[in-house]
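Chemist: Task: produce atomic coordinates for the following.
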Amino acid sequence: MVVPPESNNLLEKITETEIRTYKKRWVILIIYNLYSAANSFQWLEYSIITNIVMKFYDVDSLDVDWTSIIYMAIYPFIVIPVSYIIEKKGLRIAALIGGLGTALAAAVKVFSIRTDLFYVVLIGQAIGSTAQVFVLCIPTKIAAVWFEDSEASTACALGVLGTQAGLALAFLIPPILVKNSENVVSIGSDLRVLCQGLAIFMIPVSIAILFFFPRQPPLPPSVTQKQARKVKSKTFNEFLVSFKAAITQNAFIYHLIAYGINIGVFVSVGTLQNQLILQYFPNGEEDAGRMACISVICGIVGALLNGIFLDKTRLFRETTLFNYALTTVSVVLFMVTLLWKKLVLVYLSYAIFGCFVNCYLTVGFELAVEITYPLDESTSSGLLNASTQAFGVFIVLMLGKLNEKFGALWSLFSQVILLLIGTYLTYRIPNVKKRQEAFSQVETEMHSIRSS
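Modeler: The predicted model follows:
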């Protein structure tokens, strides 16, 4: 939680030993990225091989779409109590529930490899989606609790890295491991390898969470965190007031809707990508997975560069608008290259799409913190993710219906319209610099204190 500086009360003379950054902050970030990657992997592991899953379990495409939709449908209903738990109990509880819940979801699906056990898949996905709420709410909080102010944007970008890596691997690995075969026994064997592999991966990660992931470092990394530790934890009613304070700001409402549209479009296109690509490239399951993986890798690189850029320039609104506009352009390029049926160009256009969406993902978190300062980071990130999931459910269902009736091009054109609306809303966001002004005041007064 970050608190606005108040000169007389908050800035007593602080010795160097009262504020410190620890090397362990990088271990915390790595552990978080490992279990967040495993969680996001499960989000799309079935939808990228929709046609194969349909064949094995004898279900239709909408049933398979629900393995992804359920990740989005649960989130908005529990994000407020989960955000309160995270603020009151801290990062360790969030890691235990999010990480061990992810491990449990993977373990349950090991027992789903039978043609009549699709409901077990959905149970596993429901567990994973519940754990996901504890996963997605904390990158900005890890950045605040463990990293100094000058590292915050870079740390936040690195914190989203695990989610992006998990999505990339979800696009890449299932099409490689699970082959399209007329023999359902062979498909079942491949699915078993996929599920067991993830469950085994989560064993050492779960151990790391249990033994190496504390609530917070012994000493705070910044003045704002030092003061945050002195603030008495809120009651649930007081916590609800902070949510109200966020959603009554026009700037945040614009950003909330725009963010939900942008990431909702990305998740929806990723969910239905197998179906979209196969319309133009039959037997292109592995191509669909590879191009999505490449797009996320490009996004990871772009997000890291954005984080470094923001730490140096603090141009949050401008960078957000830039990434949003180019996301819109990239979907148009994806449509055109599909129409041309040039596979190399489809790879390129989808890579551009993934790059700018994933850049926007991290920049959007930081802009939200900037707009809602001094509210807790988990409040703004929780609301952004709730918007993403709510829009995601709607857009996936809409995109699926449009794809069935009109095909890939018209369904993608609907996404361009949505992104144009989001671009306009982002343009309407005023250039708010609440957190930057607070940090500047802290630095000025600290310099004055040390000089006296």
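
Chemist: outside of stretch 267-285, which residues touch it?
Modeler: Identification of contacts with stretch 267-285 by CB atoms under 8 Å, 6 or more residues apart in numbering yields 44, 47-52, 61, 65, 68-69, 72, 167, 171, 175, 180, 287-288, 291-292, 331, 338, 341, 343, 346, 353, 388, 392, 395-396, 399-400, 403, 407-408, 411-412, 415. C-beta coordinates here come from the backbone N, C-alpha and C atoms, glycine included.

Chemist: Mind checking the pLDDT average for that stretch?
Modeler: Taken as a whole, stretch 267-285 carries a mean pLDDT of 84.

Chemist: list the buried ones in that stretch?
Modeler: Applying a neighbour-count criterion of 16 or more other CB atoms under 10 Å, one finds 267-278, 280, 284-285 buried in stretch 267-285.

Chemist: cool, stretch 241-251 as well?
Modeler: Neighbour-count burial for stretch 241-251 [16+ other CB under 10 Å]: 242-243, 246, 249, 251.

Chemist: I'd like to know which of those are part of helices.
Modeler: Among the buried residues of stretch 241-251, the members falling in helices (DSSP state H) are 242-243, 246, 251.

Chemist: Pick the one among these closest to residue 134.
Modeler: Each of these was checked against residue 134 using CB to CB; the closest is residue 243, at 17.4 Å.

Chemist: I'd guessed that closest one sits against residue 372; true?
Modeler: No - if you go by CB atoms under 8 Å, residue 243 and residue 372 don't touch, sitting 10.0 Å apart.

Chemist: which element follows the helix or strand of the chain with the lowest mean pLDDT toward the C-terminus?
Modeler: The helix or strand of the chain with the lowest confidence, counting by mean pLDDT, DSSP states H and E, is helix 7-10 at a mean of 45. Per DSSP states H and E, the first helix or strand lying C-terminal to helix 7-10 is helix 24-44.

Chemist: Run the chain-centre distance for that following helix.
Modeler: 11 Å (CA atoms, centre = their mean, to the nearest Å).

Chemist: list the buried ones in that helix?
Modeler: Those would be 25, 28-29, 31-44, for helix 24-44 by 16+ other CB under 10 Å.

Chemist: cool, stretch 50-60 as well?
Modeler: Here stretch 50-60 shows 50, 52-57, 59 as buried, counting by 16+ other CB under 10 Å.

Chemist: I'd like to know which of the ones in helices among the buried residues of stretch 241-251 is nearest to residue 235.
Modeler: For these, with residue 235 as the reference and CB to CB as the criterion, the closest is residue 242, at 11.3 Å.

Chemist: Which residue comes closest to residue 105 once chain neighbours are left out?
Modeler: residue 128 (3.4 Å; CB to CB, 6 or more residues apart in numbering).

Chemist: Number of residues surrounding the one you found?
Modeler: Residues contacting residue 128 under the criterion other CB atoms under 10 Å number 29.

Chemist: cool, residue 371 as well?
Modeler: 26.

Chemist: Just read off the phi/psi values of it.
Modeler: With angles defined as degrees, to the nearest 10, residue 371 sits at phi -70, psi -40.

Chemist: Pull the contacting residues for it.
Modeler: 249, 251-252, 255, 380, 429, 432, 434.

Chemist: redo that, cut-off 7 Å
Modeler: If a contact means CB atoms under 7 Å, 6 or more residues apart in numbering, then residue 371 has 249, 251-252, 255, 432 as its contacts.

Chemist: min pLDDT across those residues, which one?
Modeler: The member of these with the lowest pLDDT is residue 432, at 71.

Chemist: Point out where the stretch 251-400 of the chain drops to low pLDDT.
Modeler: 376-378 (pLDDT under 70).

Chemist: the helices in it, which residues?
Modeler: 273-280, 285-313, 316-340, 343-372, 377-406 (DSSP state H, counting those that start in this stretch).

Chemist: what's the third one in contact with?
Modeler: Which is helix 316-340. Helix 316-340 has contacts (CB under 7 Å, 6+ apart) with 258, 262, 280, 306, 309-310, 345-346, 349-350, 352-353, 356-357, 359-360, 363-364, 366-367, 370, 408-409, 412-413, 415-416, 419-420, 422-423, 426-427, 429, 431.

Chemist: for that helix, which positions count as buried?
Modeler: For helix 316-340, burial by neighbour count (16+ other CB under 10 Å) applies to 316-317, 319-335, 337-338.

Chemist: do the same with the fourth one
Modeler: Applying a neighbour-count criterion of 16+ other CB under 10 Å, the buried positions in helix 343-372 are 343, 346-372.

Chemist: on that earlier part again, what's the closest of the helices of the stretch 251-400 of the chain to residue 236?
Modeler: helix 377-406 (13.0 Å).

Chemist: by contact count, what packs against the closest one?
Modeler: With contacts defined as 3 or more CB pairs under 7 Å, 6 or more residues apart in numbering; DSSP states H and E, the packing partners of helix 377-406 are helix 61-73, helix 75-89, helix 139-146, helix 236-247, helix 250-271, helix 343-372, helix 408-428.

Chemist: could those helices go into JSON lines alongside distance to residue 118?
Modeler: Shown next, in JSON lines, are the helices and strands packed on helix 377-406 (distance: least, CB to CB, whole Å):
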{"stretch": "helix 61-73", "distance to residue 118": "7"}
{"stretch": "helix 75-89", "distance to residue 118": "22"}
{"stretch": "helix 139-146", "distance to residue 118": "33"}
{"stretch": "helix 236-247", "distance to residue 118": "37"}
{"stretch": "helix 250-271", "distance to residue 118": "17"}
{"stretch": "helix 343-372", "distance to residue 118": "29"}
{"stretch": "helix 408-428", "distance to residue 118": "25"}
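
Chemist: Tell me the gap between stretch 419-429 and the middle of its chain.
Modeler: The answer for stretch 419-429 is 20 Å, by CA atoms, centre = their mean.

Chemist: List the contacts of that stretch.
Modeler: Against stretch 419-429 from outside (CB under 7 Å, 6+ apart): 251, 254-255, 257-258, 261-262, 265, 317, 320-321, 324-325, 327-328, 331.

Chemist: From those residues, pick the one nearest residue 216.
Modeler: residue 255 (28.1 Å).

Chemist: that older thread, please convert the contacts of residue 371 to a markdown table, extending it with distance to residue 211.
Modeler: Formatted as a markdown table, the contacts of residue 371 follow (distance: CB to CB, whole Å):
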| residue | distance to residue 211 |
| --- | --- |
| 249 | 41 |
| 251 | 42 |
| 252 | 38 |
| 255 | 38 |
| 432 | 41 |
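
Chemist: which among these gets closest to residue 120?
Modeler: residue 255 (38.6 Å).

Chemist: Hmm, residue 413 and residue 402 touching each other?
Modeler: No - shown here, residue 402 and residue 413 do not form a contact pair, counting by CB atoms under 7 Å, at 8.8 Å.
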